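Asks: need a structure here:
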Amino acid sequence: MSARTPISEDEAFRGAVLNGSLRNDQAGQLCMPPMSIEAESSVLGGLLQDNALWDIVGDLVTKGDFYRHEHKVIFEAIDELIKSMRPADVVTVYEHLQRSHKGEEIGGLGYLNSLAQYVPSAANTRRYAELVRERSILRRLLAVSREIATAALNPEGKSVNAILEAAVQRVMAIDAGANDEDWQPGGTGIADVIDRMQAEANGKIKPQIISTGLKDLDERLDGGMRPGEVIVIGARPSMGKSALGLTIGVTTAGAGEPTGYWSGEMPRPQLWNRALSMLSQVHLSRIKRANRLLDADWPSITHGAETIRCLPLYVNDKPAMTIAKMRATARGLKRKRGLRVLVVDYLGLMDGTDPKQPRTYQLEEITKGMKQLAKELGLAVILLVQLSRKVEERVDQMPILSDLRDSGAIEQDADIVIFVHRPWKAKPDLGDEWKYYARLSVAKLRDGEPGYVDLMYVGENTRFGDWPAGMRVPSRAQAARLMNPASQL
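Replies: Here you go, the predicted model:
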């Protein structure tokens, strides 16, 4: 009797798949999907206890990453409540699910209570979310591997290259979140644009434009700022970049747009002093030294303070801000207050994720992070930037794009770049007519034409305003002669 040729493990597995002879224990090992019910419960329980945790997990997991159907439904309910700026706790989530007749489907109020009590450590919620995401990816990989195995075992006349190409595409799509919905066809896209245009034209919806409060600047920007844009405002020290940033911030808040202002340079009381001076038009020096206030100042002070109290303006002065911290705090403000405008004062005082990295690398990380944040949250981000000293070495001290120091990423990632220049500050010998004059250079405008804007700067209130209609703009030729005496010889 001839010896029997042994078959390989692969052949045995192939035969078992084809004839269905896998043993129950083998099938159990092969078919049990990767999951972590404990991690899923911890993520949901943490969110039910503290909605602020959404800011650290919301960008990592979706309802499709959860294995249990009940968990998918609960996560979706939490997502809907938090994004609509409503609290998501055991009671509110249950009521939300009840309205869609899903309350008992997920196990009722008792199951939600058990989730809220099942949180080993809220500090580890990000890691729990990572585990949920990792298991989700493994399940997708397992599903794709089965499809690939089926296609390889049953080619159905397809070429090897076709089967291989399909397999590669399936595998590459797993973690990329690739999905046909990410790619919008022209027909759908242009229909959305036309629908929005008609709705705006008919007054059914407000245009997605945020006014700066400065008429001529809005006109140069084709109406104002837009969600998703990063607007860089650059200047040398004391030229008024912070004043312009705060002027726009106070104005947008006054128009009902929730506005956040991060200041790495000035403490909050100093910013509120400036805001009060802007709105009351009382000299800032008297506000800083209240014993100098006049009796006539108090009605204006009271009115300004009441206005500020009602503004959706939120100031943060925490030092050592990184792009990761900025992202987290902006998400929180968006969730709680509906943030629409974020002013960052200023880029040079922010750090990258790793302070040991070269400064150029950190700036690239920050500017890219700001652009991603603007798109993700639908914000207009105003990023203040201090310019290099090269500006002061030129006769014409109006900044240019090459003055954005340390990193070309600033210019690259910005949708709009605005430079601030006050000739009187650069050359105090200029006459009194120059004292209140400021000129903006819109040096980059992604969807429009660059150009210049004349503004008024009121130093005693550290605020910018439109240049008064009918008032003569000071002669720039005169300024050029005074700044370059050699030209008069």
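Asks: C-alpha from now on. contacts and neighbour counts both.
Replies: OK.
Asks: Okay, buried residues for the top helix by length along the chain please.
Replies: The residue-count maximum for a helix in the chain (DSSP state H) belongs to helix 125-153. By neighbour count on 16 or more other C-alpha atoms under 10 Å, the buried set for helix 125-153 is 125-126, 128-142, 144, 148, 151.
Asks: packing partners for it?
Replies: helix 37-49, helix 54-57, helix 160-176 (3 or more C-alpha pairs under 8 Å, 6 or more residues apart in numbering; DSSP states H and E).
Asks: what's the angle from it to helix 37-49?
Replies: Put simply, helix 125-153 runs at 140 degrees to helix 37-49, going by axes from the mean of the first three to the mean of the last three C-alpha atoms, to 10 degrees.
Asks: 508 is where my numbering starts, stick with that
Replies: In the new numbering, first residue 508, that becomes helix 632-660.
Asks: Counting neighbours, what do you get for the residue nearest to Tyr635 when sequence neighbours are not counted?
Replies: Among residues not flanking Tyr635 along the chain, Ala546 sits closest, at 4.9 Å (C-alpha to C-alpha, 6 or more residues apart in numbering). Neighbours of Ala546 under the rule other C-alpha atoms under 10 Å: 23.
Asks: what's near enough to touch Ala546?
Replies: Listed by C-alpha atoms under 8 Å, 6 or more residues apart in numbering, the contact set of Ala546 reads 635-636, 638-639.
Asks: what residue ranges in the stretch 658-807 of the chain score low on pLDDT?
Replies: Along the stretch 658-807 of the chain, the model assigns pLDDT under 70 to residues 682-689.
Asks: if you set the cut-off to 80 instead, what comes out?
Replies: 676, 679-691 (pLDDT under 80).
Asks: can you give me the helices in it?
Replies: For the stretch 658-807 of the chain, applying DSSP state H, counting those that start in this stretch gives helices covering 667-683, 693-708, 722-727, 748-761, 775-787, 791-795, 804-817.
Asks: and of those helices, who's closest to Ile589?
Replies: Ile589 lies closest, by C-alpha to C-alpha, to one member of the helices of the stretch 658-807 of the chain: helix 748-761, at 22.5 Å.
Asks: what helices or strands is the closest one leaning on?
Replies: Judged by 3+ C-alpha pairs under 8 Å, 6+ apart, the packing partners of helix 748-761 are strand 737-742, strand 766-770, helix 775-787, strand 820-823, strand 848-852, strand 887-893, strand 970-973.
Asks: Now render these as CSV, adding mean neighbour count and distance to Ser948.
Replies: Shown next, in CSV, are the helices and strands packed on helix 748-761 (neighbours: other C-alpha atoms under 10 Å; distance: least, C-alpha to C-alpha, whole Å):
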stretch, mean neighbour count, distance to Ser948
strand 737-742, 27, 10
strand 766-770, 24, 23
helix 775-787, 20, 23
strand 820-823, 18, 27
strand 848-852, 26, 19
strand 887-893, 25, 14
strand 970-973, 20, 15
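Asks: now Asp586, what's its secondary structure?
Replies: helix (DSSP: H, G, I helix; E, B strand; the rest coil).
Asks: How much space separates it from Val564?
Replies: For Asp586, the distance to Val564 (C-alpha to C-alpha, to the nearest Å) stands at 11 Å.
Asks: before we move on, what about Ala976?
Replies: According to C-alpha to C-alpha, Ala976 and Val564 sit 51 Å apart.
Asks: Compare these two (neighbour count), which wins?
Replies: Between Ala976 and Val564, counted using other C-alpha under 10 Å, the more crowded position is Val564 (18 against 7).
Asks: any idea how far stretch 929-945 is from the chain center?
Replies: Between the centre of stretch 929-945 and the centre of its chain there are 37 Å (C-alpha atoms, centre = their mean, to the nearest Å).
Asks: typo on my end, it should be stretch 616-624
Replies: How far stretch 616-624 lies from its chain's middle: 33 Å, per C-alpha atoms, centre = their mean.
Asks: Tell me where the stretch 808-957 of the chain has helices.
Replies: Under DSSP H, counting those that start in this stretch, the stretch 808-957 of the chain gives helices at 830-844, 866-884, 916-920, 930-933.
Asks: Surely Ile681 touches Ile644?
Replies: Yes. Using C-alpha atoms under 8 Å, Ile681 is in contact with Ile644, at 6.6 Å.
Asks: picking up where we left off before, and among the helices and strands packed on helix 632-660, the most buried is which?
Replies: helix 544-556 (a mean of 23; mean count of other C-alpha atoms under 10 Å).
Asks: now could you export just the CA positions of that helix as PDB?
Replies: C-alpha atoms of helix 544-556 as PDB (Å, rounded to 0.1, in the frame of the first residue of the first chain):
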ATOM      1  CA  ILE A 544     -17.800  45.600  24.500                       C
ATOM      2  CA  GLU A 545     -16.000  46.900  27.600                       C
ATOM      3  CA  ALA A 546     -14.300  49.700  25.600                       C
ATOM      4  CA  GLU A 547     -17.600  50.600  23.900                       C
ATOM      5  CA  SER A 548     -19.500  50.700  27.200                       C
ATOM      6  CA  SER A 549     -16.700  52.900  28.700                       C
ATOM      7  CA  VAL A 550     -16.900  55.400  25.800                       C
ATOM      8  CA  LEU A 551     -20.700  55.700  26.000                       C
ATOM      9  CA  GLY A 552     -20.700  55.800  29.800                       C
ATOM     10  CA  GLY A 553     -18.100  58.500  29.900                       C
ATOM     11  CA  LEU A 554     -20.100  60.600  27.400                       C
ATOM     12  CA  LEU A 555     -23.300  60.200  29.400                       C
ATOM     13  CA  GLN A 556     -21.500  61.400  32.500                       C
END
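Asks: chain center to it, what's the gap?
Replies: Using C-alpha atoms, centre = their mean, the mean C-alpha position of helix 544-556 is found 26 Å from that of the whole chain.
Asks: same thing with stretch 863-874?
Replies: Averaging C-alpha positions (C-alpha atoms, centre = their mean) puts stretch 863-874 18 Å from its chain's average.
Asks: May I see the buried residues of that stretch?
Replies: Going by neighbour count (16+ other C-alpha under 10 Å), the buried part of stretch 863-874 is 866, 869-874.
Asks: correct me, but Asn968 touches Val789?
Replies: Yes. Under the criterion of C-alpha under 8 Å, Asn968 makes contact with Val789 at 6.9 Å.
Asks: CA atoms of stretch 585-600 as PDB?
Replies: C-alpha atoms of stretch 585-600 as PDB (Å, rounded to 0.1, in the frame of the first residue of the first chain):
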ATOM      1  CA  ILE A 585     -25.600  61.300  21.900                       C
ATOM      2  CA  ASP A 586     -24.100  62.700  18.700                       C
ATOM      3  CA  GLU A 587     -27.300  64.300  17.600                       C
ATOM      4  CA  LEU A 588     -27.900  65.900  21.000                       C
ATOM      5  CA  ILE A 589     -24.400  67.300  21.500                       C
ATOM      6  CA  LYS A 590     -24.200  68.700  17.900                       C
ATOM      7  CA  SER A 591     -27.500  70.500  18.500                       C
ATOM      8  CA  MET A 592     -26.000  72.000  21.700                       C
ATOM      9  CA  ARG A 593     -28.300  70.100  24.000                       C
ATOM     10  CA  PRO A 594     -27.200  68.000  27.100                       C
ATOM     11  CA  ALA A 595     -26.800  64.300  26.600                       C
ATOM     12  CA  ASP A 596     -27.200  62.400  29.800                       C
ATOM     13  CA  VAL A 597     -29.200  59.300  30.800                       C
ATOM     14  CA  VAL A 598     -32.600  61.000  30.900                       C
ATOM     15  CA  THR A 599     -32.200  63.200  27.800                       C
ATOM     16  CA  VAL A 600     -30.800  60.400  25.700                       C
END
